[in-house]
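Trainee: Next come a sequence and a model predicted from it.
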Amino acid sequence: FEGGEIWIYFKNTMIMWVMGFVPQILVSLLLGAWFSNPSLRLKGQRFFKTVIYLPNLIMASAFAMLIFSIFSDIGPINELIKHTTGGEAFRFLSYTGSTMGLVAFMNFIMWFGNTTILLMAAMMGINESVIEAAEIDGASSSQIFWKITLPLIRPILVYVMITSLIGGLQMFDVPQILTGGQGGPNNTTKTLIMYLNEQIGTSKNYGMAGALSVIIFIVCA
C-alpha cells in the first residue's frame, strides 16, 4: 500500500512541477528575447531585470505564508469576491485544482526571474554575425528565434530543465506551509518530500524514510 502511496505523491509532485515550469520557461524565453534584442531599445532594462529577479530572493516559506494570507477564506481576494459578486467566499484551498494552481504559481513567480537571466545570458552569447546573416537572407524575427536562437541555446535550456526538475522533486516548503502540512485536499498536493517528512516525524518509520531518500537521490542523480 505504501508503494502505491509513493507513486501517488510522485504524480502530485510532477503535476505541480509541470504546472509551474511550463509558464516559467515560456515567460522566460519571451523576456529573454526582449531584453537581449538590441533593436527593441527597451528602456529601464536594469530596473525590470532587478524586479523580476527579486521574488527569487524571498524565502519560500515567507512567500507561502503571504499567499496563504491573501487567498485564505477571510483574505483580501475573497473579501473582494464577496463585495463584487455578493456571493460567498471561494475556498481556494479546499479544491485540488486551485490549491495545485497556487503552489505552481508560487514556484513560477519565485524562479522565472532566475531562468530569464540564464536564458538572456545564453542569447547574448550568440554570435551577432549569425543573426545578421539570417536578416540579410530575409529571415523574419520569428524564424530567427525558432531556427537560430532556440537551437543555439539548447544546452542552457537542458540545464534549466534538469535543475528545475531536481528542485521540483524536492518541493516541500511551499505546499507544506500552504496546506498546513496536510497536503490537502485529500492528499492531492502532498509531495514526495512531505511524505518523507511525515515518515520521519509522525510515523517514525525510519526504514521507509531511508528507502525513499535513496530513491529520490538516485532519480535526482
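Mentor: Sure, I can see it. From a predicted model like this one, the values you see are computed outputs, not experimental measurements.

Trainee: show me where pLDDT drops low in this protein?
Mentor: Along the chain, the parts satisfying pLDDT under 70 run over 1-3.

Trainee: Would you map the helices across it?
Mentor: 2-35, 45-53, 60-71, 76-85, 96-124, 128-136, 141-144, 150-152, 154-169, 173-178, 192-201, 206-220 (DSSP state H).

Trainee: Taking helix 154-169 as reference, get the angle to the longest one.
Mentor: Which is helix 2-35. 140 degrees (axes from the mean of the first three to the mean of the last three CA atoms, to 10 degrees).

Trainee: The residue nearest to Leu42 when sequence neighbours are not counted and Ser129: what is the separation?
Mentor: Spatial nearest neighbour of Leu42, excluding adjacent residues (CB to CB, 6 or more residues apart in numbering): Trp34 at 6.3 Å. For the C-beta atoms, the positions are set from N, CA and C on the backbone; glycine is no exception. Computed as CB to CB, to the nearest Å, the Trp34 to Ser129 distance reads 22 Å.

Trainee: Compare these two and say which is more crowded by neighbours.
Mentor: Taking other CB atoms under 10 Å, Trp34 and Ser129 do not tie; Trp34 has more neighbours (14 against 8).

Trainee: right, and that one touches Lys43 too?
Mentor: No. When contacts are counted by CB atoms under 8 Å, Trp34 is not listed as touching Lys43 (11.9 Å).

Trainee: returning to that earlier point: please identify the deepest-packed of the helices of the chain.
Mentor: Among the helices of the chain, helix 173-178 has the highest mean neighbour count (mean count of other CB atoms under 10 Å), at a mean of 22.

Trainee: Tell me the helices and strands packed up against that helix.
Mentor: Packing contacts for helix 173-178, counted by 3 or more CB pairs under 8 Å, 6 or more residues apart in numbering; DSSP states H and E, involve helix 60-71, helix 96-124, helix 192-201.

Trainee: show me the residues around Thr149 that make contact.
Mentor: By CB atoms under 8 Å, 6 or more residues apart in numbering, the residues touching Thr149 are Ala33, Met123, Ile126.
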